[in-house]
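Student: Have a look; sequence and predicted model below, questions after that.
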Amino acid sequence: MSLSLSVALASALLALPVPSQDAVVLRAARLLDVRSGRLIEPATVLVRGERIEAVSPDGIPGDASVIDLGDLTLLPGLMDAHTHLTGDLEGDWEGRSVKEGPADWALRGARNAKLTLEAGFTTVRDVGASGFADVALMRAIESGLVPGPRMLPAGHAISITGGHGDLTGYAPGVLEGGPRQGIADGPDEVIAAVRYQIKHGAKWIKTTATAGVLSHEGSVGAQQYSEAELHAMVEEAARHGIGVAAHAHGAEGIVAAVRAGVRSIEHGSELTDEAIRLMQERGTYLVPTTYLADAIDLDNLPPNIRAKAESILPVAKESIRRAIAAGVKIAFGTDAAVIPHGWNAREFGALVERGMTPLAAIRSATLATADLFGLDDRGEIAPGKLADLIAVPGNPLEDVTRLEHVSFVMKGGVVVRMP
């Protein structure tokens, strides 16, 4: 390596946002203890490096720097279990797959990751991107090359040929995929698809158990994978310590996916009594993505896709209400890309409108998502947890839409946004 290249590399490394080991004290009017549901007033949090050292400490180190946030409420960094950071519905989104490539998608993802982090979401599960652009984005964020949340990418969503995850509407031979691209039929191909995604950096597996809205199948909810195929997928992922998230609108596909052992059902638009009972018995999470039912721009959809959206979204709202009333475990997810990135917190108001309390909605994006992800180092403001914190004006237990107005963001002890 040349001397000039060595100097340039050293300079780049020094520029990365590595948290200092010096003590930082955060002060605010209030802190929400999401586990107890109590507000602590006033709030003092001691951070050292990337971790929380103490809450309401007896004393403050003499060399600590102090950040006084004033009349704000501190909360743990929020988590979104259903994003697509490398995509959106802007412009010619339907033709993008044949006009752009993974580099374009990763660059778009860099913009969207910054918007997401600044909105207070410090961890996301990204459930499906082509060309491993999501994995590249995760690595760029981890290296400090671009700002963004901690990511749990899924690589390519796994779909049957011609299913919701398979791009259709093109001439034969255009964008034909196989297991490496997530298009797999039968247990053997499904296993190969899972292994290939994990080989190239997937931290979760996403599958499309049923048809969907933003694709060209005739039905929005028809079951696409058999229970045997889904079971093979779940079993193979489990060997690698990885969970499976199943996109599922229709009841039959939801039931098959839950029986196969998926950890979460995405959307859950047509939950039946049987599906709700099975989810409760198995402890399966529902990730509702329900704000999009209020906000999706129907005028931006082709006629056949718009017709599917108009048929399923009212049904989905009622399905989510039933799940909440029945006590199904809910994890927060938005399908950001279908809604604009950075609007993630608008999901809270939709969840409350569907029947959740503000505290339950906040827990869905903190304690519940941490549990779904199998991560015990985040989700609450407590000693030893990652110093992922946000602050908002007012009291979000009285008005959950306060979470749409994040004033302060800290990720791993590094301040990302200040009032």
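Tutor: Yep, that arrived.

Student: Run through who's touching the longest helix along the chain.
Tutor: The single longest helix within the chain, with elements called by DSSP state H, is helix 303-326. Residues from elsewhere that reach helix 303-326 (Cβ atoms under 8 Å, 6 or more residues apart in numbering): 213-216, 220-221, 249, 267-271, 276, 279-280, 286, 288, 290, 292-293, 296, 298, 301, 330, 351, 354-356. Every residue, glycine included, has its C-beta placed from N, CA and C.

Student: at 6 Å instead, please
Tutor: 213, 220, 269-271, 276, 286, 288, 290, 293, 298, 354-356 (Cβ atoms under 6 Å, 6 or more residues apart in numbering).

Student: List buried residues within those residues.
Tutor: Buried members of the contacts of helix 303-326, counted by 16 or more other Cβ atoms under 10 Å: 213, 220, 269-271, 276, 286, 288, 290, 293, 354, 356.

Student: element containing the closest residue to Gly148 other than its chain neighbours, please.
Tutor: Spatial nearest neighbour of Gly148, chain neighbours left out: Ala113 (2.9 Å); criterion: Cβ to Cβ, 6 or more residues apart in numbering. Here Ala113 sits within helix 102-118, counting by DSSP states H and E.

Student: After that helix, heading C-terminal, what element do we hit next?
Tutor: Following helix 102-118 toward the C-terminus (DSSP H and E): strand 121-126.

Student: Show me where the protein has its helices.
Tutor: 3-14, 96-99, 102-118, 133-142, 186-199, 227-239, 251-260, 273-282, 292-295, 303-326, 346-353, 358-364, 367-373.

Student: Could I get the CA-only coordinates of the fifth one as CSV?
Tutor: In this case it means helix 186-199. Extracted as CSV, the C-alpha positions of helix 186-199 are listed here (Å, rounded to 0.1, in the frame of the first residue of the first chain):
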residue,chain,number,x,y,z
GLY,A,186,-40.6,-26.9,-3.7
PRO,A,187,-38.7,-27.6,-0.5
ASP,A,188,-35.3,-28.2,-2.1
GLU,A,189,-35.3,-24.9,-3.9
VAL,A,190,-36.6,-23.1,-0.9
ILE,A,191,-33.7,-24.5,1.2
ALA,A,192,-31.2,-23.4,-1.4
ALA,A,193,-32.8,-19.9,-1.5
VAL,A,194,-32.5,-19.6,2.3
ARG,A,195,-28.9,-20.7,2.3
TYR,A,196,-27.9,-18.3,-0.4
GLN,A,197,-29.5,-15.3,1.3
ILE,A,198,-27.7,-16.1,4.5
LYS,A,199,-24.4,-16.7,2.8
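
Student: Run through who's touching it.
Tutor: Outside helix 186-199, the residues touching it (Cβ under 6 Å, 6+ apart) are 155, 158, 179-180, 182, 184, 205, 229, 232-233, 236-237, 240.

Student: Distance from it to the middle of the chain?
Tutor: Going by Cα atoms, centre = their mean, to the nearest Å, the spacing between the C-alpha centre of helix 186-199 and its chain's C-alpha centre is 23 Å.

Student: try stretch 133-140
Tutor: With Cα atoms, centre = their mean, you get 14 Å for stretch 133-140.

Student: for the record, mean pLDDT for the longest helix of the chain?
Tutor: Across helix 303-326, pLDDT averages out at 91.

Student: Now for the residue nearest to Gly148, how many residues are close by?
Tutor: Residues contacting Ala113 under the criterion other Cβ atoms under 10 Å number 27.

Student: I'd say it and Leu85 touch.
Tutor: Yes: at 5.4 Å, Ala113 counts as touching Leu85 under the criterion of Cβ atoms under 6 Å.
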